[in-house]
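*Asks:* show me how the following folds:
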Amino acid sequence: MEITRKTVLLAAVVFLPLFLAGCLNVRVVRNVSDPGEYFDRALGRIGEIQSACPNREGNPQSLNIIVFDGGSRELVQVKTPLWIVRAALDAGEHSAEHEDDRRWGKRYDFDWNGLSDLGRFGRGLLVQVDDGRDKVLVWLD
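*Replies:* Purely as a prediction, here's the structure:
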């Protein structure tokens with residue numbers, strides 16, 4: 001019985017990171033002089049989603065984020081399944097429940113409950129920020 005438990009634990013330790021690495025898509029592009037092509041492509045995809053789902057209907061499957069830092073000229077693209085986001089939020093909420101409320105309130109300035117089910121917003125654009133130097137796009141697909 002003990003050998004089986006150790007074997008399962010070892011398999012989880014080896015295969016879980018490999019599985020999650022295949023699900024999480026992160027791309028970093030350095031020395032980007034004009035992030036326009038990346039954001040135009042993403043906005044095109046968001047436009048397709050919003051044309052197909054004008055009332056944000058549908059069940060989103062992935063969270064997509066593009067961030068451009070004009071200071072470092074780095075662009076980061078992230079695409080991850082919503083189930084990984086939900087699992088991470090659940091882990092964060094679990095940690096918050098076991099922390100002293102005084103420390104928690106000082107460290108974080110947002111409501112976990114508001115993020116608990118991103119899927120309820122439906123497919124489409126969630127956040128768009130462009131201050132002329134830095135840019136951010138977040139959408140559900």
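*Asks:* where do the helices sit along the protein?
*Replies:* For the chain, the helices defined by DSSP state H occupy 2-23, 36-52, 82-97, 101-107, 112-115.
*Asks:* pull out the buried positions in the second one.
*Replies:* Same thing as helix 36-52. Going by neighbour count (16 or more other CB atoms under 10 Å), the buried part of helix 36-52 is 38-39, 42-43, 46, 49-50. Glycine gets a C-beta too; all of them are placed from N, C-alpha and C.
*Asks:* what packs against it?
*Replies:* Applying 3 or more CB pairs under 8 Å, 6 or more residues apart in numbering; DSSP states H and E, one finds that helix 36-52 contacts strand 62-69, strand 124-130, strand 135-140.
*Asks:* in a markdown table: those strands, plus mean neighbour count and distance to N31.
*Replies:* Output for the helices and strands packed on helix 36-52, formatted as a markdown table (neighbours: other CB atoms under 10 Å; distance: least, CB to CB, whole Å):
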| stretch | mean neighbour count | distance to N31 |
| --- | --- | --- |
| strand 62-69 | 19 | 12 |
| strand 124-130 | 14 | 20 |
| strand 135-140 | 20 | 16 |
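*Asks:* tell me which residues form a beta bridge with V26?
*Replies:* Under DSSP bridges, the beta-bridge partners of V26 are V78.
*Asks:* got a list of what it touches?
*Replies:* Residues in contact with V26 (CB atoms under 8 Å, 6 or more residues apart in numbering) are 76-78.
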